[in-house]
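**Q** kindly return the folded structure for what I paste below:
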Amino acid sequence: QVQLVESGGGLVQAGGSLRLSCAASGRTFSTYHMGWFRQAPGKEREFVAAINWSGRITSYADSVKGRFTISRDNAKNTVYLQMNSLKREDTAVYYCAADNVWPPSAGKSNYWGRGTQVTVSS
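**A** Model prediction:
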């Protein structure tokens with residue numbers, strides 16, 4: 001069992017930056033692939049970024065490539081999402097997820113946090 005808690009969301013102006021964190025409980029964090037997803041009002045949850053268990057493999061949605069960076073610190077049981085050059089369309093609730101299978105998926109990942117709100121103003 002893994003419990004995930006996101007933090008770091010907030011209100012930021014377009015062009016600004018935020019860093020999200022997802023803290024995981026349990027001793028098996030380093031065995032899970034981790035992903036960030038987001039859901040805007042009236043839209044389905046969508047993939048943002050993922051990182052494999054070792055941190056050596058990453059994947060990004062086209063919409064965030066070059067702006068967002070996912071990373072993890074297995075010693076701290078934490079995964080991060082550095083978000084730069086934020087746009088209004090990045091406004092959403094951001095969730096982290098843990099999955100035994102690569103890549104993490106909005107439809108099947110094993111464990112989910114409750115999310116953190118990111119709002120980008122113009």
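**Q** run through the bridge partners of the residue positioned nearest the centre of the chain.
**A** In the chain, the residue lying closest to the centroid (C-alpha atoms, centre = their mean) is Trp36, at 2.4 Å. Listed by DSSP bridges, the beta-bridge partners for Trp36 are Ala49, Cys96.
**Q** that one is in contact with Tyr94, isn't it?
**A** Yes - assessed by C-beta atoms under 8 Å, Trp36 is found in contact with Tyr94 at 6.1 Å. The C-beta positions use only the backbone N, C-alpha and C, and glycine is treated the same way.
**Q** lowest-confidence helix or strand of the chain?
**A** When the helices and strands of the chain are scored by mean pLDDT, DSSP states H and E, strand 111-112 comes last with a mean of 95.
**Q** tell me the helices and strands packed up against it.
**A** In terms of contacts (3 or more C-beta pairs under 8 Å, 6 or more residues apart in numbering; DSSP states H and E), strand 111-112 is packed against strand 92-99.
**Q** contact partners of the strand it packs on?
**A** 2, 4, 6, 9, 20, 22, 24, 29, 32-40, 43, 45, 48, 79, 81, 104-106, 108-118 (C-beta atoms under 8 Å, 6 or more residues apart in numbering).
**Q** do the same with stretch 51-69
**A** Here stretch 51-69 has contacts from 30-35, 46-50, 70-72, 74, 79, 81-86, 89-90, 102-103, using C-beta under 8 Å, 6+ apart.
**Q** again, only this time at 6 Å
**A** Outside stretch 51-69, the residues that touch it by C-beta atoms under 6 Å, 6 or more residues apart in numbering are 31, 33-34, 47-50, 70, 72, 82-85, 102-103.
**Q** ditto for stretch 107-122
**A** 2, 4-6, 9, 11-14, 22, 86, 88, 90-91, 93-99.
**Q** could you identify the buried members of those residues?
**A** 2, 4, 6, 9, 12, 22, 86, 90-91, 93-99 (16 or more other C-beta atoms under 10 Å).
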